[in-house]
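Q: let me see the structure of the following:
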Amino acid sequence: MTSTLELPPRKLKSDKQALTILRSQTSAEILVQMGFPKNRVEKALAATGDKGIQLASDWLLAHVNDPKLDDDTPRDYILYLCPVGQLHQKFLNFWQSSYQECGWNNALSYFPHMTLSSFFQADDRLVSHLSHVLKMVTEKIEDPPEKMDFDVFTSNKYIGLFARENHETFLKNVTSKFAEEMKKAGIEVEVHKKQLHISMAYHFAVEKKDKLDALLSEIDLNTPARWDLRIYSRKITKPIRTGDIWNLIYADGIVLTVAIIYPYSNTAASDELDLNPGDYLFVKGSDLESSDDGWCEGVSWMTGCSGMFPIIYTERTAETETWTMHMCVNVYNKYIPTQFWTVFWLFQNKFLDRSGSGISSRINIEARGCHLFQAARMGARPAASALPLFVAKHGESIESTFGRDWIDNSFDQSGIYTRYDLNMPKLMPTRSSGHQEFKKDSPLTVQGCFQARLLGEALRDKRIRPVHIYTSPALKCIESAVYLLEGCQTSSSSLNNTLTIKVEPGLFDWLGFYPGGLPKFMSFDELVSNGYRVDDSHVTVVPTNKLMCEETVDHFYERCYVVTKELLKRHENEGGIILFISHGGNLDSCTRKLIGQSKRSLSGFQEISRKVPYGAVCVVQEATVVLDTWYLIEPPVLPFAHSNNPKYNWTSLTIPSLI
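A: This next block holds a predicted model:
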């Protein structure tokens, strides 16, 4: 029990005496301590969207032979408004159909978007400031118009959707406020002067206009969508060769981006690039067209190295596939399930099959195909799966607060419940096997319900909507899910009435904590009769009867890893954020092997379990470029701390003081 005595004043130590307590450090500070030069650290964090130490260090190692690694050229940044949801999918279908039936046009070089600012440059050290400013500005803006409306415009050279005046006024006002804040940091951001629009097709053959118009008419512009403000950046990486070095400058229309679709390596030729699917090459378009032997010179996006490569091993793709997303904030229709937080934004779509790509030995860019969706076709997961996995600990439970004897004090011989503390629930769920089962499987306290609801509110405030919710069969975890969903709900959302909770026994705690045997969990019928919205269609990964009572810590980590991988696989093509609500140690056991780390020892597991408070959250994010690679990232919600509140006995006031 924590003491309630007032702390005595402490003498401050001299400035010369170093503190031994490690305070919270930034990713840049940690990477510098690891031995990386500061300028390279800042460049790596900017290139990876400041998504954590692991990703930045991987980038640095990949670029170790990059001749431009120490170049001080800043990145280009831009502010976009992007659709998410069904309308986004329809736009992508138009992208694909327009290419297949009408050939390449310049709109295919980008994903569907509305440009809100011109490109602007910022020093690498200011990358986190950009995200902070956008977040700050959007938190202060008024609600946008109800629904995004467009006017369709078509001509012989251009087809686009133009935003209505009320939306344009709102969006330009947001961009202006963003520009004002950035100017304080010495960064000039110019608000887009033209009428805001989404370019659907331009620079196409005139005879294709009617077909493009017909394809556009198939899109229902009233389709539901959420609209996100996003900051993207691109390395100024358009290569123009001078001498033996590729000078990286940007010049639209001069250089193309191609995606690698077949692996290639020739160790005998020192001037040839190793080709790895998932990488992209920057290539001069004129070189592609004029090559007489099917080879061309390019620069690798993943490593920064230049060399020769066989053209037929690549396909043209959107240049935005090499861009980095730094920040994403929802502004329109905020509560459509979130699909963001990817380190490198990739498209969701059906992917062109090999036979339809038109690859041939002829050096014909138009015929080789628009490889907008390369990652999934080569075995990488589509963007729908490249979302974060949240793992949260349940709220405060009764047995941890009032001890194992709480049942004897709360239930009479007839099984009638009476609470004796305001932190105990007013009502207790009914169990067919009697109240004694609560000894090993207790519900939440009132404080625990509040903690779970507060976590749900924090997710809601960050516009994060879990779509697939799995819980341990422990009652405190199921109740935590119920109250978390209650916190997620908004006045304009029916989320709590549509989502159900999937109970997965494989997410239960380490069985070493239960030497007396496994708790008898509430059955599905009991949960339903008590008002818990549980999903009867869920097929468990590890049934309750498969949980081993003599489970070792190694077995526990393996069990949680198998469950996590299977549940992620089930939703890899659906999209939507996945949330586990489990026990303290499961924040580590469900993610440890996923991020490539070894299992902890018994003492290590016990130590980490003690450090996880109620309502704690960890988040792992899958990289979209490197297959099956996951990273721990900073949770989007703040931690929740409070002091211990000891039990009060009013009779203590009647005891005379002995001093």
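
Q: mind listing the helices for the stretch 1-150 of the chain?
A: Using DSSP state H, counting those that start in this stretch, the helices of the stretch 1-150 of the chain run over 27-33, 38-47, 53-62, 86-102, 127-140.

Q: ugh, wrong one, the stretch 351-500 of the chain
A: Using DSSP H, counting those that start in this stretch, helices in the stretch 351-500 of the chain cover 365-368, 374-377, 398-402, 406-410, 446-461, 475-488, 495-498.

Q: mean pLDDT lowest where, among those helices?
A: Ranked by mean pLDDT, those end with helix 365-368 at the bottom, a mean of 26.

Q: domain assignment for the protein?
A: 75-236+323-345, 238-316, 389-633 (automatic domain parsing).

Q: make CSV out of those domains and add distance to E29 and mean neighbour count.
A: All C-beta atoms are positioned from the backbone trio N, CA, C, and that covers glycine. Listed next are these as CSV, based on distance: least, CB to CB, whole Å; neighbours: other CB atoms under 10 Å:
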stretch, distance to E29, mean neighbour count
domain 75-236+323-345, 12, 18
domain 238-316, 25, 17
domain 389-633, 17, 18
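
Q: looking at these, which is closest to I53?
A: domain 389-633 (8.8 Å; CB to CB).

Q: how far away from the center of its chain is the closest one?
A: 21 Å (CA atoms, centre = their mean, to the nearest Å).

Q: what's the span of it, first residue to last?
A: 10 Å (CA to CA, to the nearest Å).

Q: rewinding a little: which one, of the helices of the stretch 351-500 of the chain, ends up nearest to Y110?
A: The closest of the helices of the stretch 351-500 of the chain to Y110 is helix 374-377. By CB to CB, the value is 15.4 Å.

Q: about what we covered before: which one of the domains of the chain lies nearest to A641?
A: domain 389-633 (7.1 Å).

Q: not counting its neighbours along the chain, what's nearest Y420?
A: In this structure, Y420 finds its nearest non-sequential neighbour in N409, 5.9 Å apart by CB to CB, 6 or more residues apart in numbering.

Q: want to throw the helices of the stretch 351-500 of the chain into CSV with distance to R610?
A: CSV is the format used below for the helices of the stretch 351-500 of the chain (distance: least, CB to CB, whole Å):
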stretch, distance to R610
helix 365-368, 58
helix 374-377, 40
helix 398-402, 12
helix 406-410, 22
helix 446-461, 18
helix 475-488, 18
helix 495-498, 33
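
Q: to L196, which of these lies closest?
A: Evaluated over those, closeness to L196 peaks at helix 446-461, with 27.5 Å, by CB to CB.

Q: tell me how far the ends of stretch 621-633 are from each other?
A: Stretch 621-633 has an end-to-end distance of 7 Å (CA to CA).

Q: can you check stretch 629-640 too?
A: Length of stretch 629-640, first residue to last, CA to CA: 29 Å.

Q: got the contact list for it?
A: 51-52, 54-55, 341, 388, 390, 451, 454-455, 458-459, 462, 464, 591, 594-596, 613-623 (CB atoms under 8 Å, 6 or more residues apart in numbering).

Q: so the nearest residue to D588 once chain neighbours are set aside versus D421, what's the distance?
A: Closest residue to D588 apart from its sequence neighbours, by CB to CB, 6+ apart: I608 at 5.1 Å. Separation of I608 from D421 (CB to CB, to the nearest Å): 30 Å.

Q: just Y262 next, same as before
A: 67 Å.

Q: one more: V528?
A: Applying CB to CB to V528 and D421 gives a distance of 29 Å.

Q: same check on S270?
A: 75 Å.

Q: do the same with N644
A: Per CB to CB, N644 is found 15 Å from D421.

Q: ok, F150 next?
A: Counting by CB to CB, the gap from F150 to D421 is 58 Å.

Q: same question, K209
A: Distance from K209 to D421, by CB to CB: 74 Å.

Q: repeat for G186
A: Per CB to CB, G186 is found 57 Å from D421.

Q: show me which helix or strand of this structure is least confident by mean pLDDT.
A: One helix or strand of the chain scores below all others by mean pLDDT, DSSP states H and E: helix 365-368, with a mean of 26.

Q: next SSE after the strand or helix carrying the residue nearest to D588?
A: Using DSSP states H and E, I608 sits in helix 602-610. Scanning forward in sequence from helix 602-610 by DSSP H and E, the next helix or strand is strand 617-622.

Q: span of stretch 518-530 from start to end?
A: End-to-end distance for stretch 518-530, by CA to CA: 22 Å.

Q: state the mean pLDDT of it.
A: In this model, stretch 518-530 carries a mean pLDDT of 93.

Q: contacts for it?
A: 429-433, 437, 440-441, 473-475, 478, 503, 505, 511, 534, 536, 544, 547, 549.

Q: same check on stretch 136-148?
A: 163, 166-167, 170, 173-174, 177-178, 181, 222, 225, 227, 229, 329, 331-333.

Q: so which of those belong to strands?
A: 163, 227, 229, 329, 331-332 (DSSP state E).

Q: name the nearest residue to L281, sequence neighbours excluded.
A: Sequence neighbours aside, G298 is the residue nearest to L281 in space, at 3.7 Å (criterion: CB to CB, 6+ apart).

Q: tell me the mean pLDDT for whichever strand or helix holds the one you found?
A: Per DSSP H and E, G298 falls inside strand 295-300. Computed over strand 295-300, the mean pLDDT rounds to 90.

Q: helix, strand or coil for F153?
A: Classification of F153 using DSSP: H, G, I helix; E, B strand; the rest coil returns strand.

Q: for it, name its beta-bridge partners.
A: F153 has these beta-bridge partners by DSSP bridges: G160.

Q: wait, G434 sits on G415?
A: Yes: between G434 and G415 there is a contact under CB atoms under 8 Å: 6.4 Å.

Q: what about Q621, distance to I219?
A: Q621 sits 31 Å away from I219, going by CB to CB.

Q: what's the answer for K209, then?
A: 16 Å.

Q: wait, is D213 part of a helix?
A: Yes: D213 forms part of a helix when assessed by three-state DSSP.

Q: hey, where'd the helices end up in the stretch 501-650 of the chain?
A: 524-529, 553-570, 586-589, 602-610.

Q: distance to T401 for these - can I get that in CSV?
A: Shown next, in CSV, are the helices of the stretch 501-650 of the chain (distance: least, CB to CB, whole Å):
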stretch, distance to T401
helix 524-529, 23
helix 553-570, 25
helix 586-589, 20
helix 602-610, 16
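
Q: among the ones you listed, which is nearest D66?
A: helix 553-570 (32.8 Å).

Q: ok, residues contacting that closest one?
A: Residues from elsewhere that reach helix 553-570 (CB under 8 Å, 6+ apart): 385, 389, 468, 470, 504, 506-507, 510-512, 541-542, 548, 551, 578, 580, 585-586, 589-594, 599-602, 605.

Q: so what's the backbone phi/psi at F309?
A: F309 has phi and psi values of phi -150, psi 150 when expressed as degrees, to the nearest 10.

Q: dig out what it forms beta bridges with.
A: Beta-bridge partners recorded for F309 (DSSP bridges): C296.

Q: against Y264, how distant is it?
A: For F309, the distance to Y264 equals 7 Å [CB to CB].

Q: who touches both of those two?
A: 272-273, 275.

Q: just the residues you listed now: which is nearest P112?
A: Nearest to P112 among these, with distances taken as CB to CB, is L275, at 28.8 Å.

Q: so what's that closest one up against?
A: Contacts of L275 (CB under 8 Å, 6+ apart): 260, 262-265, 309-310, 313-314.

Q: now with 10 Å?
A: Counting by CB atoms under 10 Å, 6 or more residues apart in numbering, L275 touches 260-266, 281, 298, 300, 307, 309-310, 313-314.

Q: now swap in I231 and tell me
A: Residues in contact with I231 (CB under 10 Å, 6+ apart) are 49, 77-80, 117, 122, 127, 130-131, 133-134, 178, 324-329.

Q: ok, now how distant is T169 from H394?
A: 46 Å.

Q: rewinding a little: which one of the helices of the stretch 1-150 of the chain lies closest to L196?
A: L196 lies closest to helix 86-102 among these, at 15.8 Å (CB to CB).
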